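Visitor: Next one to model:
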Amino acid sequence: MNRISPEEANKLLEAGWTYLDVRSEPEFEQGHPKGALNIPLLKAGPGGMVPNDDFLRVARATFPLSSKIVVGCQSGGRSFRAAQMLQGVGYAEVVDQRAGFGGARDGSGRIVEPGWAAAQLPTESGPSPGRAYLDLEKAALR
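Guide: Numbering: from 1, shown residues only. This is a model prediction of the structure:
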């Protein structure tokens, strides 16, 4: 798995790649890379976060296998797993953005690599019609 920095991810976006944010819907709405699409790897369930069983179905309906995708999350863990899953079903041009939106942290919670936001790369927040999970999920059902 190719893991890249936030700055490298931004360069790929400028070259036409798509950013897939796999954080929860509330995390995505609070702030995300500009132009990102949201398909959460996990969702709220009884007792906490549980796997989103529709992750791959919605991803496959949203992105052709030939898509060039940068996958990101909050700190790099969920995106690494999601990128592996996408590669496992045939996506060849997938990279994982290290440090996510909020930065990679060590065992004591200190940021060891700044994320997208701290790198002051283009961000947006709030509703993202057509790119929010509910919209992508609805489109996948058609």
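Visitor: A140 against A61, yeah?
Guide: Yes - A140 is within contact range of A61, at 3.5 Å (criterion: CB atoms under 8 Å). Heads up, the C-betas are built off the backbone N, CA and C, glycines and all.
Visitor: Run through who's touching stretch 94-102.
Guide: By CB atoms under 8 Å, 6 or more residues apart in numbering, the surrounding residues in contact with stretch 94-102 are 1-6, 8-9, 12, 19, 21, 23, 27, 31-33, 69-76, 78-80, 83, 86-87, 104, 113-118.
Visitor: The chain: strands as residue ranges?
Guide: Taking DSSP state E as the criterion, the chain carries its strands at 3-4, 18-21, 32-33, 37-38, 42-45, 48-51, 68-72, 93-97, 104-105, 111-113, 123-124.
Visitor: Name the nearest residue to the residue nearest to the spatial centre of the chain, sequence neighbours excluded.
Guide: In the chain, the centroid-proximal residue (CA atoms, centre = their mean) is D21; its distance is 2.0 Å. Nearest residue to D21, sequence neighbours excluded (CB to CB, 6 or more residues apart in numbering): A36, at 4.4 Å.
Visitor: can I assume that neighbour is in contact with R131?
Guide: Yes - at 6.7 Å, A36 counts as touching R131 under the criterion of CB under 8 Å.
Visitor: Just want to know which of the two has more residues nearby.
Guide: More neighbours surround A36 than the other of A36 and R131, with 24 against 20 (other CB atoms under 10 Å).
Visitor: Give me the distance between the spatially closest residue to G126 that is not a sequence neighbour and G47.
Guide: Take G126 and drop its neighbours on the chain: the residue closest to it by CB to CB, 6+ apart is E29, 6.1 Å away. In this view, E29 and G47 are 23 Å apart by CB to CB, to the nearest Å.
Visitor: any chance of the strands of the chain in TSV, plus distance to L136 and mean pLDDT?
Guide: Supplementary listing: the strands of the chain in TSV, determined by distance: least, CB to CB, whole Å; pLDDT from 0 to 100:
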stretch	distance to L136	mean pLDDT
strand 3-4	24	97
strand 18-21	10	98
strand 32-33	14	98
strand 37-38	6	98
strand 42-45	13	91
strand 48-51	17	93
strand 68-72	13	98
strand 93-97	17	98
strand 104-105	27	92
strand 111-113	29	93
strand 123-124	17	97
